[in-house]
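>>> Build me a structure from this.
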Amino acid sequence: MYKTRIEKNSASEKENFARSGVNNTPEKKFRAGAICATVWKNHGVKDGQISEYQTVTFERSYKDKEGNWQTTNSLRINDLPRAAVVLQEAYKEIVLREFTDSAYGEESIKI
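A predicted model of the protein is given here:
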């Protein structure tokens, strides 16, 4: 999982961060038809250090009986190939960013 630690934080900054309730923000969405995977940027304090990490959620959109758009995490069998595509793209986004942000400093993989 992609992690970045901010090493130079005072104890009061960490306490303020933990109490601030910083919200997770979506970084990128991948959509194939009604299936969507979202990469989220998260913040937390682990081992006394403020850190960032990514998570991925996915959902399927559909219209209910009244014609209103709804979402669910439940997939039908025909949704599985599209779910695989968007989840693979989300994975590539995170892995390539992790490699780019590593000690190499510059993007070394071009796709």
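>>> per-residue confidence at Ala84?
Here the pLDDT value assigned to Ala84 is 97.
>>> Please settle this for me: is it part of a helix?
Yes: assessed by DSSP: H, G, I helix; E, B strand; the rest coil, Ala84 belongs to a helix.
>>> Please list all residues in contact with it.
Residues near Ala84 by C-beta atoms under 8 Å, 6 or more residues apart in numbering: none. The C-beta positions use only the backbone N, C-alpha and C, and glycine is treated the same way.
>>> For the strand ranked longest in the chain, list every residue counted as buried.
Taking DSSP state E as the criterion, the chain has its longest strand at strand 49-63. Within strand 49-63, the residues that qualify as buried are Ile50, Tyr53, Gln54, Val56, Phe58, Glu59, Arg60, counting by 16 or more other C-beta atoms under 10 Å.
>>> Gln70 is in contact with the last one, correct?
No: the criterion here is C-beta atoms under 8 Å, and Arg60 misses it with Gln70 at 9.3 Å.
>>> Now for the closest residue to Asn73 other than its chain neighbours: which residues touch it?
The shortest distance from Asn73 to any non-neighbouring residue, by C-beta to C-beta, 6 or more residues apart in numbering, is to Glu59 (5.9 Å). Residues near Glu59 by C-beta under 8 Å, 6+ apart: Ile35, Cys36, Thr71, Thr72, Asn73.
>>> and what of Gln70?
Contacts of Gln70 (C-beta under 8 Å, 6+ apart): Ser61, Tyr62, Lys63, Asp64.
>>> Phi and psi next, for the closest residue to the last one other than its chain neighbours.
Across the structure, with C-beta to C-beta, 6+ apart as the measure, the residue nearest Asp64 apart from its sequence neighbours is Gln70 (5.1 Å). Its backbone dihedrals place Gln70 at phi -130, psi 170, with angles given as degrees, to the nearest 10.
>>> Asp79 too?
Taking degrees, to the nearest 10 as the convention, Asp79 sits at phi -80, psi -20.
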